[in-house]
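Trainee: Provide a 3D model corresponding to the input given below.
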Amino acid sequence: MLGPRNYLLRQGRNRSRRAPAHPLLDCSIPRIVAVRVGITLGDPHGIGPEVVLKALAQFAPAADVELVWFADPLLVKGQAEALGLPVPSVPCVWPLPPVDWAFGRGTSTSGQAALDSLNLALDAWRSGQIDALVTPPLSKEHVPLPGFTGHTGYLAQAAGGEALMMLRGAELTVALATEHVALTDVRGALSVDLVVRKLRALNAALRQDYGVASPRLALLALNPHAGDGGRIGSDEQTWLAKALDTAVHEGLDVHGPFAADGFFAARGYRDVDATLALYHDQGLIPFKMLAFHDGVNCTAGLDLVRTSPDHGTAWDLAGLGRADAGSMLAALHTAVEVVKNRRAIR
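Mentor: Numbers count the residues shown, from 1 in each chain. Have a look, this model is predicted:
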């Protein structure tokens, strides 16, 4: 069920055995290998299953795309009926006991179901059964795993690499140097080495995953007004300047550091292919204001391809049938795009 569908076209079946084969007519035609996308459950008490149901109803995959949902089929059927949505034909994989669910606030049980689904999908990726993950939102506080801070860090640990949190929308692309870090800890987490590594990863992702031949990058400042010449912080004149110089010396086309408020107000993001923000809200506030309904959270920098809608569990909307599936639909399309782009350059 999860294996690729292989298409083999054969020519010249009725050709005489005595006739010599023309090399152009006898050439072998490579098989078409499916892009296999695994969808996780998310927290079943939130809007995750709803946006998946709605996105699947709109998603029209090409013949070379296969989907599988790592979800309890009884839960899928129950939520579809409760929301008045069609039950999708996508196969569900759930070799575990049925999931108890109720729309509303998350619990340790719903968090465990979200984690179980994620681990099933990771196992399928490790064994070569799927090529990409699309992950509906879960609730970090309800995942019963000490130290769990979200999909990005968990997947980086599971896939073995340094992940880059990257958000793509129709108008802009934003990546984060630090992700789910308390604001009081941000400066201590930042360094020349970290920023340079993130700029390298952003440059590579744009080239490899999205076909940008010569990426243009912007780097945001840490302090208000980029420090105002050192009067309200010297980071921009010291270690951030060194990080920028190092990246430029390596051949990256990166500019900055720009004061974040002026950069976004003047729509400076339109002059670059992507912007590196130094902390979560610096990048996510403008991104969600501009791209909330079609934005996609992409985990770059790993062998694993993972995308996600750019919103959370939305407990207050769960069960009402009003959740917007635009971001989830975009996440499905983006996952397929990235897999195909990576295959094209191998």
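Trainee: in terms of contact, does residue 102 touch residue 75 like I think?
Mentor: No. Assessed by C-beta atoms under 8 Å, residue 102 is found out of contact with residue 75, at 10.9 Å. For glycine as for every other residue, the C-beta is placed from the backbone atoms N, C-alpha and C.
Trainee: Tell me which of those two has more neighbours.
Mentor: Counted by other C-beta atoms under 10 Å, residue 102 and residue 75 do not tie: residue 75 has more neighbours, with 19 against 12.
Trainee: my guess is residue 286 meets residue 174, correct?
Mentor: Yes. Applying C-beta under 8 Å as the test, residue 286 and residue 174 come out as touching, 7.4 Å apart.
Trainee: and residue 44, how far is that from residue 54?
Mentor: Counting by C-beta to C-beta, to the nearest Å, the gap from residue 44 to residue 54 is 15 Å.
Trainee: More neighbours: these two, which one.
Mentor: residue 44 (30 against 22).
Trainee: who touches the residue lying closest to the more buried one once chain neighbours are set aside in this structure?
Mentor: What sits nearest to residue 44 in space, not counting adjacent residues and going by C-beta to C-beta, 6 or more residues apart in numbering, is residue 101, at 4.2 Å. Residues in contact with residue 101, defined by C-beta atoms under 8 Å, 6 or more residues apart in numbering, are 44-45, 75, 78-79, 110, 113.
Trainee: Is residue 101 located within a helix, as I assumed?
Mentor: No. Looking at residue 101 with DSSP: H, G, I helix; E, B strand; the rest coil, it is coil, so not inside a helix.
Trainee: oh, and call the first residue 884 from now on, that's how I've got it
Mentor: Renumbered: residue one is now 884, and that last one reads residue 984.
Trainee: ok, it to residue 1212 distance?
Mentor: Noted for residue 984: a distance of 23 Å to residue 1212, by C-beta to C-beta.
Trainee: on that earlier part again, would you turn the contacts of residue 984 into JSON lines with secondary structure and distance to residue 1068?
Mentor: Converted to JSON lines, those look like this (DSSP: H, G, I helix; E, B strand; the rest coil; distance: C-beta to C-beta, whole Å):
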{"residue": "927", "secondary structure": "coil", "distance to residue 1068": "32"}
{"residue": "928", "secondary structure": "coil", "distance to residue 1068": "30"}
{"residue": "958", "secondary structure": "helix", "distance to residue 1068": "37"}
{"residue": "961", "secondary structure": "helix", "distance to residue 1068": "41"}
{"residue": "962", "secondary structure": "helix", "distance to residue 1068": "38"}
{"residue": "993", "secondary structure": "helix", "distance to residue 1068": "28"}
{"residue": "996", "secondary structure": "helix", "distance to residue 1068": "30"}
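Trainee: Out of those residues, which end up buried?
Mentor: 927-928, 958, 961-962, 993, 996 (16 or more other C-beta atoms under 10 Å).
Trainee: mind listing what residue 1007 touches?
Mentor: Residues near residue 1007 by C-beta under 8 Å, 6+ apart: 885, 921, 951, 953, 976, 1013.
Trainee: Count the residues that sit near the fourth one.
Mentor: If I follow you right, that is residue 953. 25.
Trainee: how about the helices of this structure, start to end?
Mentor: 931-941, 956-966, 991-1009, 1034-1042, 1069-1072, 1075-1093, 1122-1132, 1143-1148, 1163-1174, 1209-1227 (DSSP state H).
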